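In: Build me a model from this:
(one chain, ligands or ions: 1)
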Amino acid sequence: MEMILGNEKMPEEFNKLLRLSRYRSALKETIVGLSGIIDLIDATDKQESQEDKIEHGFDRACVENTMSVSKAILENINSHKLDRLIGSLRVRDQGIHDDVFGVYRYWYPDSKIWSLQFEDMSPRHVNRAEIEIFWAAIAVFSPVLDCKPEDLFIVVLTHELAHAFTQLGADIEGFRWPVHRFDQADLEVVEGLAQYYTHRVLDRLRIDNPTQYQAAFETFENVQKFQPTEYRSHLEWTKESENRPEQEAVRSAMLQFRRHKCRKLMELKEYVNAELKRLSLVDSVN
Ligand SMILES: [Zn+2]
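Out: Sure thing, here's the model as predicted:
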């Protein structure tokens, strides 16, 4: 059966590989466990005193053989780079930001979705929007991405909520980002801002509650590595934060970008850099 994900037609063997990939984490654990057993056998066999010897009862060759079979299967799974393939998928249509595992949809009066579904709605309802999480895709692909479904779910929900937050582009005076203009912004801007705030939110959550959110943060960082460049345009800002705070600069840059009706990532970057420069000058005076 042919499988289509996003706009991409999957390779023919995809279904078979997908089923095999379910065991990726289990195989990794098996290798770790068997490696520990081999160390135990070696340590036990080296004991000179008969009294210190532990009867392990394992055949070393048999354990080694099982470990090499597990490694071979794992290498086979890894060689197809399904995680990269899944991470690289993307879709964008008018009024839709579809991220394979979830979607943020918004409507405005001139959009084709609006005219199909909301003909009777007043154009004043400019912030009509919804989030849909594709739980089946999360359940199927999380083993391929070597993470837990619940951690991937947290990442996806945070990302889609970040789309909602940035699409509003609200400031304290109550101004908003007009939806038709937001829709014209480059994909790098839309996804870059969503990824930036996903990073910031997950980073804060893991600091406050590492037991619950550390794995979600790591899942975000891992999946991000395979995503298209549009999903990584925020990295220079988060990297910058290792040296100095950048959150106020990004927020202010986003609002200026909106006010000046910009579209291009380059323009957003210029605003961020100018804000970082301005804030560091103010900080150095203080
Ligand atoms: Zn997105």
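In: Up against the ion, what does the stretch 151-286 of the chain have?
Out: Residues of the stretch 151-286 of the chain lying close to the ion (C-beta under 5 Å from the ion) are 191, 194. Quick note: C-beta positions are derived from backbone N, CA and C, even for glycine.
In: Let's see that with 8 Å instead.
Out: 159, 160, 162, 163, 190, 191, 194, 195, 231 (C-beta under 8 Å from the ion).
In: Among the residues you listed, name the ones in helices.
Out: Residues of these located in helices (DSSP state H): 159, 160, 162, 163, 190, 191, 194, 195.
In: Tell me the most packed of the residues you listed, by neighbour count.
Out: Most neighbours among those, by other C-beta atoms under 10 Å: residue 191, with 28 neighbours.
In: Quick check: which element contains the residue nearest to residue 260 when sequence neighbours are not counted?
Out: Spatial nearest neighbour of residue 260, excluding adjacent residues (C-beta to C-beta, 6 or more residues apart in numbering): residue 267 at 7.6 Å. Using DSSP states H and E, residue 267 sits in helix 265-285.
In: For that helix, which residues meet the burial criterion?
Out: Within helix 265-285, the residues scored as buried using 16 or more other C-beta atoms under 10 Å are 265, 267, 268, 269, 271, 272, 275, 276, 279.
In: So what touches that helix?
Out: Here helix 265-285 makes contact (C-beta atoms under 8 Å, 6 or more residues apart in numbering) with 186, 188-189, 192-193, 233, 236-237, 240, 244-246, 248-250, 252-254, 256-257, 260, 262.
In: now with 10 Å?
Out: Here helix 265-285 makes contact (C-beta atoms under 10 Å, 6 or more residues apart in numbering) with 185-193, 196, 229-230, 233-234, 236-237, 240, 243-246, 248-258, 260-262, 264.
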